[in-house]
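[1] Provided below for reference: sequence and predicted model.
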Amino acid sequence: MSEPALLRTPLYEEHVRLGARMAPFAGWEMPLQYRGIIEEHMAVRKAAGMFDVSHMGRFEVRGPEAAAGLRRLCTYAVDRLAPGQGHYAFLCNEGGGILDDIYVFRLDRDRFLVVANAANAGKVRRWLEAHLPPGAGLIDRHRSTTMVAVQGPQAVAICSAALALSLGDLPRRGCMETAWAEGTLFASRTGYTGEDGVELVVEAEAGPALWRRLLAAGVVACGLGARDTLRLEAALPLYGQDIDEGVNPFELGLAFAVSLDDGAPFIGREALLRVRERGPQRLLACLRATERGIMRAGYPIYRGQDEVGKVTSGGYSPSLGTSIGMGFLPPPLAQPGTALTVGVRGRPLPVQVVPRPFYRPPRP
């Protein structure tokens, strides 16, 4: 049986025009790099880079029961968000395992935007369809819109000037909608790189014009390779590597995305209460190499001769000039300063547990 054809975003022709190296990702044909991963990475750290993230799922939930319906599914109290606010959250199963990590934005009283991981878009759509109440309608915006993430210390200023918008007025995690190009532009002060920036959503047919306008303003086109190195430096977990249905939010150290104080009976609440009471049995730790060598996902982590975990994400950090990685460890070993080794092709690579994140942008 032949493999299904890869999907293409509305910006596919723009990537080809720029000479991008394309690669499959979560069923989509996506740009891996243009000029090179390190150059694109440093463009984001120093100025502004943009990523086509149209492969990510986008679902609008609307109706009088939208807020209550999403609260029953999300670990965070999204029903307490004011219009124009967003927050990171999880969709969990009854056992507290993570179906997906998502971002939820409240557009107005009875209308929300849910952004899901590309690999889980279909699963999230089915979960929402199965569990939302009758008074909460679901509209799939995945294929009808383009999504671009513009990240870096100059991203907000450049986008504001290029689009004639006051994006600097948006607070972190804030969002807005405005008329643009005979349609609507959604903007949020969010991202997946550890830098300031915005994520923009427009109608699919307006995507190429948005992309070209930002290119003309000096924003560097970046591929998924740089997005991965940037998110790793920021110690942001990736579903399918650091997160799956066998992982719960407390093991990730992301309790800020779990609301238990309001008593809302969301799916997975009872299991997560038990985890909080007894404490997680393992924690996602940040590892920094102290000698030359590159740790990769799947490599074993050792304390002496004993294997104590595996690297879930790893690679080279262009900003730090060394290898970094993450992996689950028993809580006593997940404390900063713990010396461990990672098995790299049969050779022990000395590493140290360090605080999260690996890299913080300098204060302006």
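    Perfect, I can see it now.

[2] Now do the strands in the stretch 101-250 of the chain.
    Ranges of strands within the stretch 101-250 of the chain are 111-116, 137-140, 145-151, 175-180, 183-188, 197-203, 220-221, based on DSSP state E, counting those that start in this stretch.

[3] any idea of the mean pLDDT in the last one?
    Along strand 220-221, the predicted confidence averages to a pLDDT of 98.

[4] Show me what that strand is packed against.
    helix 37-46, strand 49-52 (3 or more CB pairs under 8 Å, 6 or more residues apart in numbering; DSSP states H and E). Any C-beta I mention is one placed from the backbone N, CA and C, and that applies to glycine too.

[5] State the next helix or strand along the chain beyond the shortest one.
    Later in the chain than strand 49-52, the nearest helix or strand by DSSP states H and E is strand 57-62.

[6] The helix or strand following that following strand packs against which elements?
    Remark: after strand 57-62, the chain's next helix or strand is helix 66-71, criterion DSSP H and E. Where contact means 3+ CB pairs under 8 Å, 6+ apart, helix 66-71 is packed against strand 111-116.

[7] just the angle between the strand it packs on and strand 183-188, please?
    Interaxial angle, strand 111-116 versus strand 183-188 (axes from the mean of the first three to the mean of the last three CA atoms, to 10 degrees): 60 degrees.

[8] Please compute how far strand 111-116 lies from its chain's middle.
    Put simply, strand 111-116 sits 14 Å off its chain's centre (CA atoms, centre = their mean, to the nearest Å).

[9] So which elements touch that strand?
    Against strand 111-116 (3+ CB pairs under 8 Å, 6+ apart) you get strand 57-62, helix 66-71, strand 98-108, helix 121-131.

[10] Can you say which of these is nearest to Cys286?
    The closest of these to Cys286 is strand 98-108. By CB to CB, the value is 17.8 Å.

[11] Pull out the buried positions in the closest one.
    98-107 (16 or more other CB atoms under 10 Å).

[12] Could you pull out the buried residues of stretch 184-195?
    Of the residues in stretch 184-195, those buried (16+ other CB under 10 Å) are 185-195.

[13] Of those residues, which pair is most distant in space?
    Taking CB to CB, the two most distant members of the buried residues of stretch 184-195 are Leu185 and Gly194; they sit 24.5 Å apart.

[14] Skipping adjacent residues, who's closest to the spatially most central residue of the chain in space?
    In the chain, the residue lying closest to the centroid (CA atoms, centre = their mean) is Tyr192, at 4.9 Å. Nearest non-adjacent residue to Tyr192, counting by CB to CB, 6 or more residues apart in numbering: Arg231, 5.1 Å away.
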